[in-house]
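**Q** what would the 3D arrangement of this be:
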Amino acid sequence: MEILFLSCRYKAIHYLLVEGINECLENNKCRVSTEFNPTTKYDCVLVFNRKVLEQYEEILKTVKTPVIYMFCMSDIVKEYCVSDAIDYTLVFKDKILNTEHLLSVPLIYRDMVLPADKIYPQTANNNEASRPKKPPVIYLNIDDEYFGDLFFFKILPFLNLLHNYEIYYQSKKGIGRQVMNKHIRFVKSQKNIEDSIDKSDIVIASGLVAYRSVQRGKKTIVIGEKGYGGLITEENLEYHISNFFQGRTGGKFDEAIPPQLLLRSIVSEEAPDPQKIIKKLSFIQSQNGKEFVSLIEKVRDFDKKNYSDEMNTTYYILNPNYEITKKKSRIWLSKRGFNKLYKPVNESEATVILTFRKPHTLPEALNTFSQEYTEDIKEYIHELIAKKILVPVDFYDV
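**A** From the prediction side, this is the model:
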């Protein structure tokens, strides 16, 4: 497939997801472009967040290719968008909303897509024989762009007391050298992060670094944009994936980090079984990646089907994201859940739309109306299908 992926890493926590999508598509033999080329015929366009959509919105309205608009559930209020350029909206589940809210916005929900392990092969225990057993090595790399130094200063008094460990702190700025004890060393280069992980016994990190550490079977403690997340185990792995390895639900970057909890995670002798975690991580990674690519293929095939003879035998239903509402004596086609008014419709158009509250094929729907207006109604139904207001009954069973 030829994919146009317009991404924007406007948040550090999204870096892991964007990398995962890129690698997932490439590993499934998709050709991925990151810049729009008007001469290229794309099978699908992926747009990540509102900022990118606003930049390309006018261009995307003219593209005869399905457009999937993507954002994370934690950003659902500010990122939710209604646009003629959007054909499908995909929400990644990085947060659990209450059931009532979730059901009122029946969009397509997908689990996190993780980067593959082919860039950094798993090297768990590869260097066990080549490096000294003591003292144990702690590698610290927390969101190098913004929050890293803040977290480091919070836990530095505690780290200064861990004289029986070698600690390597990775940061671009290197602030705090004057108050670091000799067993803590500053590392500036970001080129050999994987080597630093391999040489360590314990990794304290967030985001992609924490994820790579888990892939390598290292004892990993999460501290990130969502505060203290603790030691990663087989039982809480999916929870940390859903949080982008950034802490815990409800946690904040400016919260206090209890030193006793951090110490308990570091010295814990009941270390998680790395092979079980790696096996579970590989399964989640593979499963979510396959489902994501399957969704894109289904969107592509559905878009092609809409312009074929199969329309006459396909059962369509009103897209659950839409509903007919009345406001100020006017009838509106609106987006559910956020009271977004999409466009005004007249009574005849509303009647056609409401016909598809129950599944109908195109011929069945036309039979419910006077033959005098068959061609006009048929043209209008084609328009509704093209705009994904009417969808096949099985589409949301992806």
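
**Q** can you dump the C-alpha atoms of whatever helix or strand Ile353 lives in in CSV for me?
**A** Ile353 belongs to helix 347-355 when elements are defined using DSSP states H and E. What follows is helix 347-355, C-alpha atoms only, in CSV (Å, rounded to 0.1, in the frame of the first residue of the first chain):
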residue,chain,number,x,y,z
GLU,A,347,-37.0,17.1,5.8
SER,A,348,-36.6,15.0,2.7
GLU,A,349,-32.8,14.5,3.3
ALA,A,350,-33.4,13.7,7.0
THR,A,351,-36.0,11.1,6.0
VAL,A,352,-33.5,9.4,3.7
ILE,A,353,-30.8,9.4,6.4
LEU,A,354,-33.1,8.1,9.1
THR,A,355,-34.2,5.2,6.7
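
**Q** which elements pack onto that helix?
**A** strand 322-327, strand 330-335, helix 374-386 (3 or more Cβ pairs under 8 Å, 6 or more residues apart in numbering; DSSP states H and E). Any C-beta I mention is one placed from the backbone N, CA and C, and that applies to glycine too.

**Q** out of these, nearest to Ser206?
**A** strand 330-335 (34.2 Å; Cβ to Cβ).

**Q** against which helices or strands is that closest one packed?
**A** Going by 3+ Cβ pairs under 8 Å, 6+ apart, strand 330-335 lies up against strand 322-327, strand 340-344, helix 347-355.

**Q** which stretch among those comes nearest Arg185?
**A** Of these, nearest to Arg185 by Cβ to Cβ is strand 340-344, at 53.1 Å.

**Q** which residues touch the helix holding Ile353?
**A** With Cβ atoms under 8 Å, 6 or more residues apart in numbering as the test, helix 347-355 has contacts from 318, 322, 324, 331, 333, 345, 365, 368-369, 377, 380-381, 384, 389-390.

**Q** any idea how far apart the tips of stretch 187-197 sit?
**A** End-to-end distance for stretch 187-197: 13 Å, by Cα to Cα, to the nearest Å.

**Q** in it, which residues are buried?
**A** Val187, Ile193, Glu194, Ser196, Ile197 (16 or more other Cβ atoms under 10 Å).

**Q** possible to save the helices and strands packed on helix 347-355 as JSON lines with mean pLDDT?
**A** Shown next, in JSON lines, are those (pLDDT from 0 to 100):
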{"stretch": "strand 322-327", "mean pLDDT": "86"}
{"stretch": "strand 330-335", "mean pLDDT": "86"}
{"stretch": "helix 374-386", "mean pLDDT": "88"}
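
**Q** need the winner for burial among those.
**A** When the helices and strands packed on helix 347-355 are scored by mean count of other Cβ atoms under 10 Å, the highest mean neighbour count falls to strand 330-335 (a mean of 18).

**Q** look up how far Leu366 lies from the residue of the chain most remote from its centre.
**A** In the chain, the greatest distance from the average C-alpha position (Cα atoms, centre = their mean) is reached by Glu372, at 48.7 Å. Counting by Cβ to Cβ, to the nearest Å, the separation of Glu372 from Leu366 is 12 Å.

**Q** tell me where the stretch 201-350 of the chain is predicted with low confidence.
**A** Along the stretch 201-350 of the chain, the model assigns pLDDT under 70 to residues 269, 304-310, 337-341.

**Q** what is the orientation angle of the longest helix that the chain contains with helix 374-386?
**A** Counting residues, the longest helix found in the chain (DSSP state H) is helix 274-305. When axes from the mean of the first three to the mean of the last three Cα atoms, to 10 degrees is applied, the directions of helix 274-305 and helix 374-386 differ by 160 degrees.

**Q** contacting residues for Ser268?
**A** Counting by Cβ under 8 Å, 6+ apart, Ser268 has contacts Leu231.

**Q** ok, Arg330 to Lys64 distance?
**A** Counting by Cβ to Cβ - Arg330 and Lys64 are separated by 31 Å.

**Q** what about stretch 4-23, start to end distance?
**A** Using Cα to Cα, the two ends of stretch 4-23 sit 14 Å apart.

**Q** list the buried ones in it?
**A** Neighbour-count burial for stretch 4-23 [16+ other Cβ under 10 Å]: 4-7, 12-23.

**Q** re earlier: what's the closest of the helices and strands packed on strand 330-335 to Thr249?
**A** Among the helices and strands packed on strand 330-335, the nearest to Thr249 by Cβ to Cβ is strand 340-344 (26.9 Å).

**Q** export the helices and strands packed on strand 330-335 as JSON lines, with columns for distance to Ser74.
**A** Formatted as JSON lines, these follow (distance: least, Cβ to Cβ, whole Å):
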{"stretch": "strand 322-327", "distance to Ser74": "24"}
{"stretch": "strand 340-344", "distance to Ser74": "20"}
{"stretch": "helix 347-355", "distance to Ser74": "32"}
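
**Q** of all the ones you listed, which one is nearest Cys72?
**A** Closest among these, using Cβ to Cβ: strand 340-344, at 18.9 Å.
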